[in-house]
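Asks: need coordinates for the below:
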Amino acid sequence: MLPTPFRTKHWTAVRRVGDTYYELDSKRTHPLTIGTSDSDLLRFLATRLNGDGAQTELLLVVTAEVFRTGSWKNDSVTETAETS
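Replies: Below is the predicted model of the structure:
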């Protein structure tokens, strides 16, 4: 098993398959559909990261190209997420 920097055994992952984003949760038996737009994904992430008071950590896994260009930290995406 690959070690992670997280302190808990519960995890969730988000994966886009085709045009649809899914949440994969270690406590669920089936994926949960998040939506088909980037704004659906941003709302989901904002809810999870600002949600129930539980400590939530986010690990981004991106392609080498996305990492190299830094496009994952695009200010326009951040502004959109903050105003949603």
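
Asks: at which residues are the strands of this structure located?
Replies: Taking DSSP state E, the strands of the chain run over residues 12-17, 20-25, 32-35.

Asks: can you list those in a markdown table and add distance to Gln55, mean neighbour count and mean pLDDT?
Replies: Placement of C-beta: from N, CA and C, glycine included. A markdown table is the format used below for the strands of the chain (distance: least, Cβ to Cβ, whole Å; neighbours: other Cβ atoms under 10 Å; pLDDT from 0 to 100):
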| stretch | distance to Gln55 | mean neighbour count | mean pLDDT |
| --- | --- | --- | --- |
| strand 12-17 | 14 | 12 | 90 |
| strand 20-25 | 17 | 16 | 94 |
| strand 32-35 | 21 | 14 | 96 |
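
Asks: in a markdown table: those, plus distance to Glu57.
Replies: Compiled in a markdown table, these are given as follows (distance: least, Cβ to Cβ, whole Å):
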| stretch | distance to Glu57 |
| --- | --- |
| strand 12-17 | 11 |
| strand 20-25 | 15 |
| strand 32-35 | 19 |
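
Asks: ok, the nearest residue to Tyr21 once chain neighbours are set aside to Trp72 distance?
Replies: For Tyr21, ignoring the flanking residues on the chain, the nearest one in space by Cβ to Cβ, 6 or more residues apart in numbering is Ile34 at 4.0 Å. Separation of Ile34 from Trp72 (Cβ to Cβ, to the nearest Å): 18 Å.

Asks: low-confidence stretches in the protein?
Replies: Along the chain, segments meeting pLDDT under 70 span 1-8, 51-54, 74-84.

Asks: any buried residues in the longest helix along it, and which?
Replies: For the chain, the helix reaching the highest residue count under DSSP state H is reported as helix 38-50. By 16 or more other Cβ atoms under 10 Å, the buried positions in helix 38-50 come out as Leu41, Leu42, Arg43, Phe44, Leu45.

Asks: so how far is Ser71 from Arg28?
Replies: Counting by Cβ to Cβ - Arg28 and Ser71 are separated by 30 Å.
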